[in-house]
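Asks: Provided below for reference: sequence and predicted model.
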Amino acid sequence: MSANGLILYVHGARDPRWAEPFTRLRDRIAERSPALPVAVAFLEHMSPDLAQAAMDVAARGADRIRVVPMFFGRGGHLREDLPRQIEAARTRLPGIVLELTEAAGESDAVQEALAAFALDGLQDRSG
C-alpha cells in the first residue's frame, strides 16, 4: 500500500520572514491531516531544496509525494528550474513517485479564493 506525502514548493528569499506564510500553510495542512508528511521546499536562497525536502518526506514513510508549486503562474522557474530539480530528486530517490501539480495560482479554486479576498469588504463601502 502506498503512503502519500506533500511538498509545498516555493521561491525562497534572503529574508527568513518571507517564508512565514508558507510555514503557516504547512502547519495548517499538518493539523488537518496529521498522518500526512508535509514539507516546504525552496527554489533558492533558503533550505531545504526540493531534493532534501523529498528525502525528508520519504523518510517519514511516503513513497508517493505530491509537489505543489505555490506560484501564481508557470514562468521560467517552473518551466526550467523545477523540472531539473524534480529530476535531481527522482535520481536521489528511486522508487519514490513525485507527482507535480499545476501552479497554485492557475487553480480555479485558488482564483476564486483570491477574488473573494480582493472583494472582501467592498460591498460595505458604498457611497
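Replies: Structure received.

Asks: Not counting its own residues, what contacts whichever strand or helix holds Leu114?
Replies: Here Leu114, judged by DSSP states H and E, is contained in helix 108-119. Applying Cβ atoms under 8 Å, 6 or more residues apart in numbering, the external contacts of helix 108-119 come out as Ala104, Gly105. C-beta here means a position set from N, CA and C on the backbone, and glycine is covered the same way.

Asks: Looks like Asn4 contacts Arg66 (just checking).
Replies: Yes - contact criterion Cβ atoms under 8 Å: Asn4 and Arg66 qualify, at 6.8 Å.

Asks: check contacts around Arg67.
Replies: Actually, residue 67 is Val. It isn't Arg. Ile7, Tyr9, Ala41, Leu50, Ala54, Ile86, Leu98, Glu99, Leu100, Thr101.

Asks: Now for the spatially closest residue to Thr23 that is not a sequence neighbour, how many residues are close by?
Replies: Ranked by Cβ to Cβ, 6 or more residues apart in numbering and with sequence neighbours excluded, the top spatial neighbour of Thr23 is Val40, at 6.2 Å. Val40 is flanked by 20 other residues according to other Cβ atoms under 10 Å.

Asks: quick one: Val40 and Ala109, what's the gap?
Replies: Going from Val40 to Ala109 by Cβ to Cβ, to the nearest Å gives 20 Å.
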